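Asker: Just to be clear, the model below is a prediction. Sequence and coordinates:
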Amino acid sequence: MSAVAEVIVIGGGLAGLAAAAALGGAGHRVRVLESRPFLGGRATSYEIGDAETIDNCQHILLRCCVNLLDFYKRLGVDGDIVFHRQFHFIEPGGRRSVLRAGVLPRPAHFAESFLGLRFLNLQEKLAVMRAIQAVSREYFRRDDLDRITMLDWLREQRQPRRALDRFWGPVLVSAVNEELDRMAARHGLQVFQLGFLARRDSYEMGVPAVPLGQLYRSEAWQRLGNVEIHTRTPVERVMIEDDAVKAVVVGGEELRADHYVCALPFERVAGVAPELGVDVSAFEHSPITGIHLWFDRPVTDLPHAALLDRTIQWMFNKDRGRAVQLVVSASRSLVAMARGDVIALALRELAEFFPMVREAKLEKAHVVKEVRATFSARPGLEVLRPVARTQVPNLFLAGDWTRSGWPATMEGAVRSGYLAAEAVAEATGEARGFVLQDIG
Ligand SMILES: Cc1cc2nc3c(=O)[nH]c(=O)nc-3n(C[C@H](O)[C@H](O)[C@H](O)COP(=O)(O)OP(=O)(O)OC[C@H]3O[C@@H](n4cnc5c(N)ncnc54)[C@H](O)[C@@H]3O)c2cc1C
């Protein structure tokens, strides 16, 4: 028989918050313990010097992120996400192309705009179209996609160099936060299968219309009633005795519950729960760099764009063109570069795409180098990602690095939280399905 359980969730990032929302919504009493003064972990926003609130880095989602959208719905903030139906690509010099679903039925819905892209020639486009057909055939059938890199797979598909550099790279490096020669092919195919082929609208790009931190605002949690949020509450230790968690230690005090969800990044788990013996030695980080620039006048009229052939990969328009946020995924080349050099590089490159940058005055700049942005989704890692259940019956794992089936993304984090919530519910004698299956 099911019973109302007391649950402690350690970590108020998306994984922990999703577990809390699911369990709280199912009637359990949940306490979230978060070390920082705000929620959202890596997907958050904060104030910089002059009362300007910025996102840690631009975060986007696609409509195929069904669990993330379900989580936003639970919090009543799904209306804060604005969906865009067009992907803009720009070449140095400013020539633009647009990718969008057209009138043809799925899976040919992109054919019209794809054939119109100006940055690939016809032969390159035909090669890409052949490979995209192979995605549908191979994603569900091949069992070695976790063992080879995306570049291996693209070479099998005989993709020309420019198609790698101007199409596969720009889409996948940002989606998976890893280079084509380092990411497992499974994740690359997954992005195209779920994001571009599964449904006509699954590619639509969601951009939060409010700072990320506002998505987890306190009114949103009041809807759920059963969830208490405690920020500035770092958990020092998970105490495991006689094969069960006895308590967690916060400020020297022991807090107890029936079940515990540990939703920390992989590099933090051993420090907080050493007896759990989770082996994370196979995990490595992949960095992301965000560059925020404020100008004295608008420099672009586009809402966002993939910038081809340069270091900067994406531009997002933040204030009618006067402020832009630039993103570089898998940004190893920028990690050791001085802040001033990163800004100079960004301005130089941006001017090649948007000539107005040359005339505009830069008023302010802010660089966020997230060296530990995500785990590197390399071949061979999937089987080493731990599942929610641990050998300690009342302790469950969540986090974008656990085995969610997705790379390190907001969707992956929310899925992992829902999977942990399902395992907790089952331990209380209740069979609950919180995870929504992938579309398509
Ligand atoms: C720069 C950047 C850009 C990204 N862009 C995208 C994007 O566009 N789209 C996308 O889908 N994903 C993106 N991601 C990935 C996404 O942000 C993460 O995959 C996701 O937010 C991870 O959530 P999590 O809950 O697993 O971990 P985290 O967000 O790391 O949450 C863990 C939480 O635990 C807390 N904590 C740590 N130690 C303790 C302790 N001892 N006690 C209590 N609490 C503790 C931390 O403060 C944190 O809040 C990006 C990530 C970064 C860094």
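Answerer: Now that the structure is in, tell me what you want to look at.
Asker: Where does pLDDT dip in this structure?
Answerer: Scanning the chain with the threshold set as pLDDT under 70 gives 1-2, 440.
Asker: Would you mind naming what in it lies close to the ligand?
Answerer: Proximity of the chain to the ligand is assessed by CB under 6 Å from any ligand atom, with 10-16, 33-36, 41-43, 56-57, 59-61, 234-235, 263-265, 268, 272, 288, 290, 370, 373-374, 399-400, 408-413 identified as the residues in range. In short, each C-beta sits where N, CA and C put it, glycine included.
Asker: Could I get the full set of helices for the stretch 151-300 of the chain?
Answerer: In the stretch 151-300 of the chain, the segments counted as helices under DSSP state H, counting those that start in this stretch are 161-163, 169-176, 185-192, 218-222, 266-272.
Asker: Buried only: go through the residues of the chain next to the ligand for me.
Answerer: In terms of neighbour count (16 or more other CB atoms under 10 Å), the buried residues within the residues of the chain next to the ligand are 10-16, 33-36, 41-43, 56-57, 59-61, 235, 263-265, 268, 272, 288, 290, 370, 373-374, 399-400, 408-413.
Asker: In helices, which of the residues you listed appear?
Answerer: Assigned to helices by DSSP state H, the following of these qualify: Leu14, Ala15, Gly16, Arg268, Val272, Met410, Glu411, Gly412, Ala413.
Asker: Is it correct that Ile291 is in contact with Val367?
Answerer: Yes: under the criterion of CB atoms under 8 Å, Ile291 is in contact with Val367, at a separation of 5.4 Å.
Asker: Pick out whichever of these two has more residues nearby.
Answerer: In this comparison of Ile291 against Val367, neighbours counted by other CB atoms under 10 Å, the higher total goes to Ile291 at 26 against 19.
Asker: Report the contact partners of that one.
Answerer: Applying CB atoms under 8 Å, 6 or more residues apart in numbering to Ile291 gives the contacts Ile312, Gln325, Leu326, Val327, Val328, Val342, Ile343, Ala346, Ala365, His366, Val367, Val368.
Asker: what about the closest residue to Glu219 other than its chain neighbours, distance to Leu224?
Answerer: Counting by CB to CB, 6 or more residues apart in numbering, Gly76 is the residue found nearest to Glu219 once chain neighbours are left out, at 7.9 Å. Using CB to CB, to the nearest Å, Gly76 is found at 10 Å from Leu224.
Asker: With neighbour numbers in mind, choose between the two.
Answerer: Leu224 (17 against 14).
Asker: Is the closest residue in space to the more buried one that isn't next to it in sequence in a helix, a strand, or coil?
Answerer: Distances taken as CB to CB, 6+ apart place Gly24 nearest to Leu224, at 4.3 Å, with adjacent residues excluded. At Gly24 the chain is in helix, as set by DSSP: H, G, I helix; E, B strand; the rest coil.
Asker: coming back round to it: report the two of the ones in helices among the buried ones among the residues of the chain next to the ligand separated the most.
Answerer: For these, the maximum inter-member distance is 24.9 Å, found between Val272 and Glu411 (CB to CB).
Asker: can you redo the ones in helices among the buried ones among the residues of the chain next to the ligand as TSV with distance to Val392?
Answerer: Rendered in TSV, the data for those read as follows (distance: CB to CB, whole Å):
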residue	distance to Val392
Leu14	23
Ala15	18
Gly16	18
Arg268	17
Val272	13
Met410	27
Glu411	27
Gly412	23
Ala413	22
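Asker: from the residues you listed, which is closest to Glu241?
Answerer: Within these, proximity to Glu241 (CB to CB) peaks at Val272, which comes in at 15.7 Å.
Asker: got a list of what Arg378 touches?
Answerer: Arg378 is in contact with Thr149, Glu178, Arg182, Met183, Ala184, Glu284, counting by CB under 8 Å, 6+ apart.
Asker: Doesn't Glu352 belong to a strand?
Answerer: No: under the criterion used here (three-state DSSP), Glu352 is helix, not part of a strand.
Asker: And for it, the neighbour number?
Answerer: Around Glu352 there are 18 other residues, counting by other CB under 10 Å.
Asker: Does the closest residue to it other than its chain neighbours fall in a helix, a strand, or a coil region?
Answerer: Residue nearest to Glu352 in three dimensions, not counting chain neighbours: Pro92, with 4.3 Å by CB to CB, 6+ apart. Taking three-state DSSP as the rule, one finds Pro92 in the coil state.
Asker: Can you verify my assumption that Pro92 contacts Thr311?
Answerer: No: in this structure Pro92 lies outside contact range of Thr311 using CB under 8 Å: 11.6 Å.
Asker: Just want to know which of the two has more residues nearby.
Answerer: Between Pro92 and Thr311, counted using other CB under 10 Å, Thr311 has the larger neighbour count: 17 against 13.
Asker: Might you report the residue contacts of the closest residue to Ser174 other than its chain neighbours?
Answerer: Among residues not flanking Ser174 along the chain, Ser329 sits closest, at 4.6 Å (CB to CB, 6+ apart). Contacts here follow CB under 8 Å, 6+ apart; on that basis Ser329 touches Val173, Ser174, Asn177, Glu178, Ser286, Ile288, Gln313.
Asker: Equivalent analysis for Phe167, please.
Answerer: Phe167 makes contact with Leu120, Glu124, Val128 under the criterion CB under 8 Å, 6+ apart.
Asker: One more pass at 10 Å, please.
Answerer: Contacts were defined as CB atoms under 10 Å, 6 or more residues apart in numbering; by that measure Phe167 touches 89, 99, 114, 117, 119-120, 124-125, 127-128, 131-132, 159-160, 306, 308.
Asker: do the same with Ala338
Answerer: For Ala338, the set of contacting residues under the criterion of CB under 10 Å, 6+ apart consists of Ala344, Val367.
Asker: where's it relative to the ligand, distance?
Answerer: 19 Å (CB to the nearest ligand atom, to the nearest Å).
Asker: Which phi and psi values does that residue adopt?
Answerer: phi -70, psi 150 (degrees, to the nearest 10).
Asker: quick one, what contacts the nearest residue to Cys65 once chain neighbours are set aside?
Answerer: Nearest residue to Cys65 in three dimensions, chain neighbours excluded: Glu411, at 3.8 Å (CB to CB, 6+ apart). For Glu411, the contacting residues are 14, 61-62, 64-69, 71, 194, 400, 404-405, 438, taking CB under 10 Å, 6+ apart as the criterion.
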